[in-house]
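Peer 1: predicted structure and sequence below. I'll ask about it afterward.
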Amino acid sequence: MIEYKNFIYLDVYKTGSTHINFLLKKISTEKPVRVKRHAPLTKGRPFTWKGGKLVFATVRNPWDWYVSMWAYGHTVENPLYEHIKQGFGQEKLNELYEMDNPKVAFPKWLKSMHDPAFLAQALKGHRLPTSGLMGFMGFYTYRFMRVTMPYPEIFLRKPFINSLDGAVAAQRKWAMYDVLMKSETLDQEFADFAAKNGEQLGFTDRAVDIINKQADKHKNVSKRTLETYRDYYTDELRDLVAKRDRFFIDLFGYTF
């Protein structure tokens, strides 16, 4: 979460959060009052929750999210890379992140991200392996819900959530955001958001112009070698994400 005087941004990892954070620093007349990157709102505001502030979040096509997560994974900014290295060693890490051979490496990585046994070893000490959710929930669904629902350390687990249908129901009831923007149309949506709410949120008069100007420079910085995210998928992999991350299909209408 990134909190300003009049609003809060729930910065879900790999959904355009770096770009939005950069823009907020450019268009806000005040500095953040609290920054806890990629964390739930209740980590920074455990008792007051929204406190009357407008809360917005960003989301991304799940198939594209996994490709971005993998392609950006070998950089030092991604803690998942280090977790896998610590859990399995350099040889396994090289196998999963063989960036010059995406047709082989990405399928291995994606299947690993949906393998409870793999994640239990890679994420020792983290809540996901002990949550009881790994049998039916995708890694991205968990990461998204962890940022957008209250007290995930308590409620993002069995017996509170027992199925993907339960996850969808929990998100509809407890999602902490008032506005959700899709990364695929993020620049236009954020410009419209600023035009509508900028004055009450404390944006500068030039906010929309700044957002539109930066849109020309906005690009995905992950190291992809194939033309589109679809090129990374076989039918088997496409169906794997469709099954375990159906959350994004049901709630936000995403398709492959």
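Peer 2: That came in fine, so what should we check first? Numbering: from 1, shown residues only.

Peer 1: what about Met181, is that helix, strand or coil?
Peer 2: strand (DSSP: H, G, I helix; E, B strand; the rest coil).

Peer 1: so who does it touch?
Peer 2: Gly16, Phe56, Ala57, Thr58, Val59, Glu189, Phe190, Phe193 (Cβ atoms under 8 Å, 6 or more residues apart in numbering). (Each C-beta comes from the backbone N, C-alpha and C, glycine too.)

Peer 1: phi, psi of Phe88?
Peer 2: With angles defined as degrees, to the nearest 10, Phe88 sits at phi -130, psi -20.

Peer 1: pretty sure it sits against Ala120.
Peer 2: No - using Cβ atoms under 8 Å, Phe88 is not in contact with Ala120, being 11.8 Å away.

Peer 1: and the contacts of Met181, which two are the farthest apart?
Peer 2: The distance between the two most remote of these (Cβ to Cβ) is 14.1 Å, for Val59 and Phe193.

Peer 1: for these two, indicate the residue with more neighbours.
Peer 2: Between Val59 and Phe193, counted using other Cβ atoms under 10 Å, the more crowded position is Val59 (23 against 20).

Peer 1: for the more buried one, what are its contacts?
Peer 2: Residues near Val59 by Cβ under 8 Å, 6+ apart: Val12, Thr15, Phe144, Leu180, Met181, Lys182, Ser183, Phe248, Phe252.

Peer 1: 10 Å instead, please
Peer 2: Residues near Val59 by Cβ atoms under 10 Å, 6 or more residues apart in numbering: 12, 15-16, 65, 140, 144, 148, 177, 180-184, 186, 248, 251-252, 254.
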